[in-house]
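> how would this look folded up:
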Amino acid sequence: MLVRNTSKADSERISMDKPVAVVLAAGKGSRMNSDLPKVLCEVCGRPMIHFVLEALQAAGVGRMFVVVGYRDEDVRSELEELPEVEFVLQEEQLGTGHAVQVCRNNLLKHDGAVVVVAGDSPMLQSDSARALLDEYAKSRPACILGTLHREDPTGLGRIVRDSNGDFCGIVEEKDATSEQRKITEVNMSTYVFDCQELLGALEQIKDNNEQKEYYLTDCPGILKNNGKDVRALPVLKSCESFSINTVDELAIVEQEMQRMRFKQD
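This next block holds a predicted model:
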């Protein structure tokens with residue numbers, strides 16, 4: 001569990017030399033039958049974002065920049081005593097890429113790894129995040145995507161590789177060919193970026209899509225096209241494929257979390 005500490009001095013001592021994280025937490029979650037920000041909806045009696053932050057801290061992350069938007073004061077109130085957390089306001093929700101863009105000033109001086117995850121992914125496992133960070137530490141690639149193989153990949157972006165097995169890109173299901181839709185390796189929006197490479201890629205993303213949003217998923221492809229080292233590492237566990245977009249999915253995650261706890265005991 002994260003240690004609560006209200007000391008500003010302690011907060012300022014948290015080093016940017018460690019990996020940092022950007023946690024996307026600005027959404028409403030309109031299908032959750034709740035007026036709360038989605039990340040504050042409870043799983044096993046706790047707001048789901050706590051599980052994400054604890055996994056990141058256990059993986060060795062220092063500062064965590066939580067991007068807030070909808071009812072940001074509620075998220076701030078819930079997390080304000082955590083010295084590792086700093087809040088960044090996304091006044092308009094213009095996509096995942098835009099959510100990371102608003103953290104630019106917070107990241108400018110960081111020279112190292114940035115973990116980017118969604119705050120509504122309480123099944124994030126600390127050893128998965130640590131495996132991605134260990135891979136980054138070996139040779140500092142521009143980007144590592146945490147992936148997994150899913151028996152039913154319906155609805156998820158597929159990881160396309162070349163004949164050597166190297167990462168080529170992410171293809172969303174709606175854009176995939178019939179052959180690409182057979183790919184079982186999927187993108188789960190869990191990333192480790194080299195900070196300065198990420199900032200450069202964020203300057204190149206466009207909103208030329210129907211939603212007029214800026215997508216973080218464009219960044220790995222941009223870096224790859226710029227000749228940078230981009231890797232996809234299938235280290236995520238099957239439990240990390242669970243998403244929470246509805247009350248029914250929340251119930252499934254709760255059941256899986258309880259099963260895992262029982263197994264550990």
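
> Which stretches in the stretch 51-200 of the chain count as helices?
Per DSSP state H, counting those that start in this stretch, the stretch 51-200 of the chain carries helices over the ranges 72-79, 96-101, 104-107, 126-139, 195-202.

> can you tell which of those helices is closest to Lys174?
Smallest distance to Lys174 across these (CB to CB): 16.8 Å, for helix 96-101. Where C-beta positions appear, they are placed from N, C-alpha and C, glycine not excepted.

> and the closest one, what other elements does it pack with?
strand 20-25, helix 195-202 (3 or more CB pairs under 8 Å, 6 or more residues apart in numbering; DSSP states H and E).

> Would you mind listing the buried residues in the longest one?
Buried residues in helix 195-202, counting neighbours by 16 or more other CB atoms under 10 Å, are found at 195, 197-202.

> Repeat that for stretch 118-129.
118-125, 128-129.

> And stretch 35-54, by the same measure?
Within stretch 35-54, the residues that count as buried by 16+ other CB under 10 Å are 36-41, 43, 47-54.

> With stretch 220-230 instead?
Per 16+ other CB under 10 Å, stretch 220-230 contains these buried residues: 220-224, 228-230.

> what about Ala26, neighbour count?
Using other CB atoms under 10 Å, Ala26 is surrounded by 27 other residues.

> Grab the nearest non-local neighbour of it.
The shortest distance from Ala26 to any residue other than its chain neighbours is 2.9 Å, reached at Gly69 (CB to CB, 6 or more residues apart in numbering).

> how long is stretch 161-168 from one end to the other?
Length of stretch 161-168, first residue to last, CA to CA, to the nearest Å: 5 Å.

> swap in stretch 97-115?
For stretch 97-115, the end-to-end distance is 14 Å (CA to CA).

> what does stretch 75-85 give?
End residues of stretch 75-85 are separated by 11 Å (CA to CA).

> And it, what's buried?
75, 78-79, 82-85.

> ditto for stretch 24-34
Result for stretch 24-34 [16+ other CB under 10 Å]: buried residues 24-27, 29, 32.

> So which of these sits lowest on pLDDT?
pLDDT across the buried residues of stretch 24-34 is at its lowest for Gly29, which sits at 81.

> what about the closest residue to it other than its chain neighbours, distance to Pro234?
Counting by CB to CB, 6+ apart, Gly29 lies nearest to Lys38, which is 2.6 Å off, once chain neighbours are set aside. Distance from Lys38 to Pro234, counting by CB to CB, to the nearest Å: 27 Å.

> One more: Ser241?
Ser241 sits 12 Å away from Pro234, going by CB to CB.

> rewinding a little: list the contacts for the residue nearest to Ala26?
For Gly69, the contact set (CB atoms under 8 Å, 6 or more residues apart in numbering) comprises 25-27, 89-93.

> mind running it again at 7 Å?
Contacts of Gly69 were listed using CB atoms under 7 Å, 6 or more residues apart in numbering, and they are 26, 89-90, 93.

> Gly29 now?
Gly29 touches 38, 41, 120, counting by CB under 7 Å, 6+ apart.

> Out of the residues you listed, which sit inside strands?
Using DSSP state E, the subset of the contacts of Gly29 located in strands is empty.
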